[in-house]
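Peer 1: The following comprises the amino acid sequence and a computationally predicted model.
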Amino acid sequence: MIIELKPSVSRDKANELGKQVKGIVVQDKDISCLVTSSKVKEIPSAIAEFVARTHVMDTDIQLASRSYRSATRTVELGNGKTIGGNTGNTVMIAGPCSVEDVEQIAQTATLLNSLNIGVMRGGCYKPRTSPYSFQGLGIQGLKMLADTRTAHGFSIITEVRDATHVADVIEYTDIIQIGAKAMYDHGILRACGATRKPVMIKRGFGTTLQEFVQAAEFVLSGGNADVILCERGIRTFETKTRFTLDLCGVAFLKQYTNLPVILDPSHAMGYRYGIADLTRACTAMGVDGLIIEVHPVPEVAKSDAAQQLNHSEFRELYASLEAVANSVGRKII
Ligand code: PEP
Ligand code: MN
């Protein structure tokens, strides 16, 4: 249950009441809310006099729920950009899987600038399946991203592999990415809840929608209202493609949550040949954003070489998206 307290209730008092009802105190703008388990269906009588309003919930998808907030949240991405809300925009995020060197990032910047794309991706802490693969450039890579951000005004999204990376990612970039393998890491979720930077959570490949949104609840209930969800494919019996993109799940997230939703066709497909068609299908879902891996020479990429588009493939794909977006009343930016 989400219990909105009267505006006259001080923060100290809200903390005291929170302890009384075993709830988490969350500030929603100027209003203090107590969020208890969804099993609680009635206002505890001891606090009734302080309560302005309650939201009885069916499940522990609470702060992220449309029944709590009917409008999709607007999340600031830094450098004046936003995602979500009712803009009707679908924000394109593009860049390499991993940051590899200065030249690669410069080429990516040229590509994005030529298409007016304002959000760049690039991983510096890579959660690889093998310890013998390239693990990312770490802080050195973050500095390359920070330089391109300063030079071109991009918003930058990059992933954390553990909670100790959060502070550096915040210092050098704009949006924290929590990867599919990291989304169960409560150290990361709690560290992200304590920041005021936007956080994009990628769905684990064996994660139910309930678990996925509950991961977002950890960040939201930690006090960070700026959470974005990303569907990037789940594991099914199928092995011909890398994962299976769950578009039904995306319909669920759009219907029942108030968080902006991004689709990642690159990791779902795993192979270059399917990315363009899949991206158009994703665009037709009317989502808030798309994240696509592009690399100047994908064949020599240090991670996810098979799925990254080269720059001319990306340009061709990008040119085809506007019509699809328009057909569902949206605009690609
Ligand atoms: C990535 O975005 O490069 C990545 C590692 O994604 P995921 O966490 O979805 O596997
Ligand atoms: Mn990748």
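Peer 2: Perfect, I can see it now. Ligands and ions are numbered 1, 2, ... in the order given.
Peer 1: How about the contacts made by whichever residue of the stretch 1-150 of the chain sits closest to ligand 2?
Peer 2: Residue of the stretch 1-150 of the chain nearest ligand 2, by C-beta to the ion: Cys97 (3.3 Å). The C-beta positions use only the backbone N, C-alpha and C, and glycine is treated the same way. When contacts are counted by C-beta atoms under 8 Å, 6 or more residues apart in numbering, Cys97 touches Gly122, Gly123, Lys126, Ser266, Glu293, His295, Ala301, Lys302, Ser303, Asp304, Gln307, Gln308.
Peer 1: and the gap between Lys6 and Ala52?
Peer 2: Distance of Lys6 to Ala52, computed by C-beta to C-beta, to the nearest Å: 5 Å.
Peer 1: do you know how far the residue lying closest to the residue of the stretch 1-150 of the chain closest to ligand 2 once chain neighbours are set aside is from ligand 2?
Peer 2: In space, and not counting its chain neighbours, Cys97 is closest to Asp304: 3.9 Å by C-beta to C-beta, 6 or more residues apart in numbering. According to C-beta to the ion, to the nearest Å, Asp304 stands 4 Å off from ligand 2.
Peer 1: how much space between Asp304 and Leu321?
Peer 2: Counting by C-beta to C-beta, the separation of Asp304 from Leu321 is 21 Å.
Peer 1: Return the residues in contact with the closest residue to ligand 1 within the stretch 151-300 of the chain.
Peer 2: Nearest residue of the stretch 151-300 of the chain to ligand 1 (C-beta to the nearest ligand atom) works out as Gly179 at 2.9 Å. Going by C-beta under 8 Å, 6+ apart, Gly179 touches Pro127, Glu159, Val160, Arg161, Lys202.
Peer 1: so the second one touches Gly123, yeah?
Peer 2: If I follow you right, that is Glu159. Yes: counting by C-beta atoms under 8 Å, Gly123 is a contact partner of Glu159 at 5.0 Å.
Peer 1: Can you pull the residues that touch both of those two?
Peer 2: Gln177.
Peer 1: Can you name the residues of the stretch 151-300 of the chain that neighbour ligand 1?
Peer 2: For the stretch 151-300 of the chain, the residues in contact with ligand 1 under the definition C-beta under 6 Å from any ligand atom are Gly179, Ala180, Lys181, Lys202, Arg232, His267.
Peer 1: Repeat the analysis, applying 5 Å as the threshold.
Peer 2: With C-beta under 5 Å from any ligand atom as the criterion, the stretch 151-300 of the chain comes near ligand 1 at residues Gly179, Ala180, Lys202, Arg232, His267.
Peer 1: for the stretch 201-333 of the chain, which spans come out with low pLDDT?
Peer 2: By pLDDT under 70, the stretch 201-333 of the chain has no low-scoring segment.
Peer 1: need the residues of it near ligand 2, please.
Peer 2: Asp304 (C-beta under 5 Å from the ion).
Peer 1: which residues in the stretch 201-333 of the chain form strands?
Peer 2: For the stretch 201-333 of the chain, strands defined by DSSP state E, counting those that start in this stretch occupy the ranges 227-231, 261-263, 289-293, 331-332.
Peer 1: Counting by contacts, list what the shortest one packs against.
Peer 2: Translated: strand 331-332. strand 89-95, helix 311-327 (3 or more C-beta pairs under 8 Å, 6 or more residues apart in numbering; DSSP states H and E).
Peer 1: quick one: which of these is nearest Gly78?
Peer 2: For the helices and strands packed on strand 331-332, the distance to Gly78 is smallest for strand 89-95, at 12.3 Å, taking C-beta to C-beta.
Peer 1: Quick check: neighbours of the closest one in the sheet, parallel or antiparallel?
Peer 2: If you go by DSSP bridges, strand 89-95 pairs up with strand 119-121 (parallel), strand 289-293 (parallel), strand 331-332 (parallel).
Peer 1: Same list, those, but as TSV with mean neighbour count and distance to Tyr273 please.
Peer 2: Formatted as TSV, these follow (neighbours: other C-beta atoms under 10 Å; distance: least, C-beta to C-beta, whole Å):
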stretch	mean neighbour count	distance to Tyr273
strand 119-121	26	21
strand 289-293	25	14
strand 331-332	16	22
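Peer 1: would you turn those into JSON lines with distance to Gly84?
Peer 2: Formatted as JSON lines, those follow (distance: least, C-beta to C-beta, whole Å):
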{"stretch": "strand 119-121", "distance to Gly84": "13"}
{"stretch": "strand 289-293", "distance to Gly84": "8"}
{"stretch": "strand 331-332", "distance to Gly84": "14"}
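Peer 1: if we can go back for a sec, could you flag which of the contacts of Gly179 are buried?
Peer 2: Neighbour counting by 16 or more other C-beta atoms under 10 Å classes Pro127, Glu159, Val160, Arg161, Lys202 among these as buried.
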